[in-house]
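Okay, structure incoming, though there's no sequence with it:
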């Protein structure tokens, strides 16, 4: 299983990438970190809600148009 520290580092890298202009890549990384956080929980709602939010964030990042 992935450690919580690694998930936090990945989320921080995703936020940093989003802040410097790589919004799509940053949001995909943050979404994956949120989804992996849900796998570590024991209760059902605490497991599926972060997973659903992470998957939704990844889907929105993929669907975003290129803003030029």
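Nice, thanks for sending it over. From a predicted model like this one, the values you see are computed outputs, not experimental measurements.

List the contacts of the spatially most central residue of the chain.
Nearest to the mean C-alpha position of the chain, by Cα atoms, centre = their mean, lies residue 31 at 1.6 Å. When contacts are counted by Cβ atoms under 8 Å, 6 or more residues apart in numbering, residue 31 touches 53-58, 61. Bear in mind the C-beta positions are built from the backbone N, C-alpha and C, glycine included.

For it, which non-adjacent residue is closest in space?
Once flanking residues are discounted, residue 31 sits nearest to residue 57: 3.5 Å by Cβ to Cβ, 6 or more residues apart in numbering.

what kind of secondary structure is the one you found in?
At residue 57 the chain is in helix, as set by DSSP: H, G, I helix; E, B strand; the rest coil.

Counting neighbours, what do you get for it?
Neighbour count of residue 57, defined by other Cβ atoms under 10 Å: 20.

show me where pLDDT drops low in the protein?
66-68 (pLDDT under 70).

What segments of it are helices?
4-19, 23-39, 44-63 (DSSP state H).

Look up how far residue 52 lies from the residue nearest to the centre of the chain.
According to Cβ to Cβ, to the nearest Å, residue 31 stands 11 Å off from residue 52.

ok, now residue 33?
14 Å.

Compare these two (neighbour count), which wins?
Legend: neighbour count by other Cβ under 10 Å for residue 33 and residue 52, higher for residue 33 (23 against 13).

which residue sits closest to that one, ignoring its sequence neighbours?
Closest to residue 33 by Cβ to Cβ, 6+ apart is residue 11, at 3.9 Å.

do the same with residue 37
In space, residue 37 is closest to residue 50, 5.1 Å off (Cβ to Cβ, 6+ apart).

list the contacts for that neighbour?
Contact partners of residue 50, counting by Cβ under 8 Å, 6+ apart, are 34-35, 37-38, 41.

now swap in residue 33 and tell me
7-8, 10-11, 14, 54.
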